[in-house]
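Enquirer: Predicted model and sequence follow; I will ask about them next.
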Amino acid sequence: MSNPIFVAIDTPDLAAAQALAQAVAPHVGGLKLGLEFFAANGPAGVRTLGAAGLPIFLDLKLHDIPNTVGKAVASLAPLAPAVLTVHAAGGRAMLEAAKAAAPPACKVVAVTVLTSLDRADLADIGVTASPAEQVERLSDLTRAAGCDGIVCSGEEVAAAAARWPGGTFVVPGLRPTGSAVGDQKRVLTPADALGRGASILVIGRPITAAADPAEAARAIAASLTPRPALTAGA
């Protein structure tokens, strides 16, 4: 896609979400709608924001038994999401069910290790692998299940892209230079993530919490555009 930025709109306020979507639409490639928005506004809210004309990334991180996830994905199909997330930890059968139920044009991507988790957090839930090792394991599983790609941090995306040519790699938790890290523990700048192989850049608070979200989105998009080389004597 020409503009890899999907702005994360995580608010239950439909009017505020709609105003934000309209403001940033000229500067981003799509809208990412997560659990907070969907729980408050449901499918009708998704359709409302879809009127902005941008692709919709439905970030619901589905994780249940295969039959339930398959039926949930089928129920979401009329919304025509461009991207839909499930949890890779749900296992191969669940991943296969999600992909089978999704519309052909929808990319099903699996969340590997949340960007809010580090090695100590993984150990707390019984995972002895490092984040990088766990991403590698779940990426291979997702690919074998026939899904389109994964969600991982910028720290793991280069290795994932090298292992999976043609995969779709969603990188959240991005922070432009000088931005507050917040609750993220493994972050990169948008330009760095793109350079390492990211396909989709999910950016939330650096845009949505800015005094001027449209200008913040424009500046981030501009930071991704390679500058022309200086000519001799310039």
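Expert: Yep, it's here.
Enquirer: if I pick the nearest residue to Arg143 once chain neighbours are set aside, what's in contact with it?
Expert: Counting by CB to CB, 6 or more residues apart in numbering, Arg143 lies nearest to Trp164, which is 5.5 Å off, once chain neighbours are set aside. Where C-beta positions appear, they are placed from N, C-alpha and C, glycine not excepted. Contacts for Trp164 were tallied using CB atoms under 8 Å, 6 or more residues apart in numbering; they are Ser139, Arg143, Gly149, Ile150.
Enquirer: again, but for Pro104
Expert: By CB under 8 Å, 6+ apart, no residues touch Pro104.
Enquirer: picking that back up, who wins on neighbours among the contacts of Trp164?
Expert: Using other CB atoms under 10 Å as the neighbour criterion, Ile150 leads the contacts of Trp164 with 29 neighbours.
Enquirer: Just confirm it is within a strand.
Expert: Yes: counting by DSSP: H, G, I helix; E, B strand; the rest coil, Ile150 is found in a strand.
Enquirer: Could you double-check that it lies in contact with Val113?
Expert: No: contact between Ile150 and Val113 fails when scored by CB atoms under 8 Å: they sit 9.7 Å apart.
Enquirer: Leu58 pairs with what?
Expert: Leu58 has the following beta-bridge partners by DSSP bridges: Leu33, Leu84.
Enquirer: which one's the longest helix in the chain?
Expert: In the chain, with assignment by DSSP state H, the single longest helix is helix 35-50.
Enquirer: which helices and strands sit right next to that helix?
Expert: helix 14-24, strand 30-33, strand 56-62 (3 or more CB pairs under 8 Å, 6 or more residues apart in numbering; DSSP states H and E).
Enquirer: Report the contact partners of Asp64.
Expert: Ala72, Gly90, Met94.
Enquirer: List the contacts of the first one.
Expert: Applying CB under 8 Å, 6+ apart to Ala72 gives the contacts Leu62, Asp64.
Enquirer: Now do the helix or strand it falls within and helix 35-50, the angle between them.
Expert: Element membership of Ala72, judged by DSSP states H and E, is helix 66-76. Using axes from the mean of the first three to the mean of the last three CA atoms, to 10 degrees, one finds that helix 66-76 and helix 35-50 are set 30 degrees apart in direction.
Enquirer: Pull out the buried residues from helix 66-76.
Expert: Pro66, Val69, Gly70, Ala72, Val73, Leu76 (16 or more other CB atoms under 10 Å).
Enquirer: any idea how far Leu33 is from the fifth one?
Expert: Read it as Val73. 15 Å (CB to CB, to the nearest Å).
Enquirer: Over to the second one?
Expert: With the distance defined as CB to CB, Val69 ends up 18 Å from Leu33.
Enquirer: Phi and psi next, for Ala8.
Expert: phi -80, psi 110 (degrees, to the nearest 10).
Enquirer: okay but it is in contact with Val202, surely?
Expert: Yes: checked against CB under 8 Å, the pair Ala8 and Val202 is within contact range at 5.5 Å.
Enquirer: Fine by me, thanks again.
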